[in-house]
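S.K.: Structure of the sequence below:
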Amino acid sequence: MSAAQATLRVFTITAVSGMLDRRLEPMSIDAFFAWQEAQAERYELVGGVPVRMMAGARNVHDDIVVNILAWLRTALRGSGCRPFTGDGSVETLPGQIRRPDIGVDCGSRDPNALKAAQPRLVVEVLSPSTRDFDAFEKLGEYRTMADLEHILLVEPNAAELRLWTRDPDRHWAETRLLGLDATVPLLAFGIAMPAAEIYDGVAFPSRPRLVPDEPGGSAG
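M.R.: Numbering: from 1, shown residues only. Okay, the predicted model is just below:
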């Protein structure tokens with residue numbers, strides 16, 4: 001039986017007090033990637049279960065993603081680090097796979113790998129359907145990643161950014177950046193990304209901003 005076929009056996013049935021107890025078997029990362037390769041849509045692995053990602057991003061989301069990828073590719077050339085897209089992945093919690101909109105991997109490059117070897121930056125461009133999840137749930141997972149140095153949340157409806165950077169004591173420090181004149185200090189790479197490059201060609205709509213205030217303030 002192949003790994004992809006084995007993942008179809010997601011239920012075990014056991015007798016408990018004379019009744020059948022149907023439980024979901026957690027999927028391993030290797031089994032998940034084998035299964036994912038046969039799927040038309042993208043999935044994340046959450047709690048041992050494949051979770052389909054939302055489709056149909058708006059143009060403004062794609063415009064910002066392309067702007068950031070293009071700027072990072074040039075800025076990081078020759079550094080040994082390279083950006084990756086939402087088709088790549090990172091392992092956040094043990095056995096948990098997430099797909100940030102953008103990441104930077106500074107690990108050894110394996111052309112056949114399916115997740116980043118040493119992710120140092122993750123970027124999420126917020127959308128109405130995922131704003132609270134990206135801002136709070138995913139953020140908490142990203143903060144647990146040992147190699148990660150920067151987390152950037154991008155508001156698409158205004159020039160507003162939230163950057164978390166690890167300080168020398170490995171605690172997370174938050175910086176809020178407003179306006180097109182701001183720059184995003186990515187100290188781990190020795191570069192600073194202009195907000196004007198992030199939002200190049202973006203016309204801000206008359207909508208509420210999507211970057212929320214984090215409940216209880218920023219966490220270290």
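S.K.: How far off centre is stretch 95-102?
M.R.: Distance, stretch centre to chain centre, for stretch 95-102: 5 Å (CA atoms, centre = their mean, to the nearest Å).
S.K.: And stretch 47-66, by the same measure?
M.R.: For stretch 47-66, the separation from the chain centroid amounts to 10 Å (computed by CA atoms, centre = their mean).
S.K.: I figured Ala75 hits Pro194, correct?
M.R.: No: using CB atoms under 8 Å, Ala75 makes no contact with Pro194, being 10.4 Å away. Backbone N, C-alpha and C define where each C-beta goes, glycine included.
S.K.: okay, the two: which has more neighbours?
M.R.: Using other CB atoms under 10 Å as the criterion, Ala75 and Pro194 rank with Ala75 on top: 18 against 14.
S.K.: mind listing what the more buried one touches?
M.R.: 189, 191, 193 (CB atoms under 8 Å, 6 or more residues apart in numbering).
S.K.: Any chance of the residues you listed in CSV with secondary structure as columns?
M.R.: Shown next, in CSV, are the contacts of Ala75 (DSSP: H, G, I helix; E, B strand; the rest coil):
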residue, secondary structure
Phe189, coil
Ile191, strand
Met193, strand
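S.K.: Among the residues you listed, which one has the most neighbours?
M.R.: Within the contacts of Ala75, neighbour counts (other CB under 10 Å) peak at Met193, which reaches 24 neighbours.
S.K.: got a list of what it touches?
M.R.: Counting by CB under 8 Å, 6+ apart, Met193 touches 68, 71-72, 75, 183-184, 186.
S.K.: Which of those are buried, as a PyMOL select command?
M.R.: Of the contacts of Met193, the buried ones can be selected in PyMOL as follows, counting by 16 or more other CB atoms under 10 Å:
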select buried, resi 68+71+72+75+184+186
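S.K.: Alright, I will stop here.
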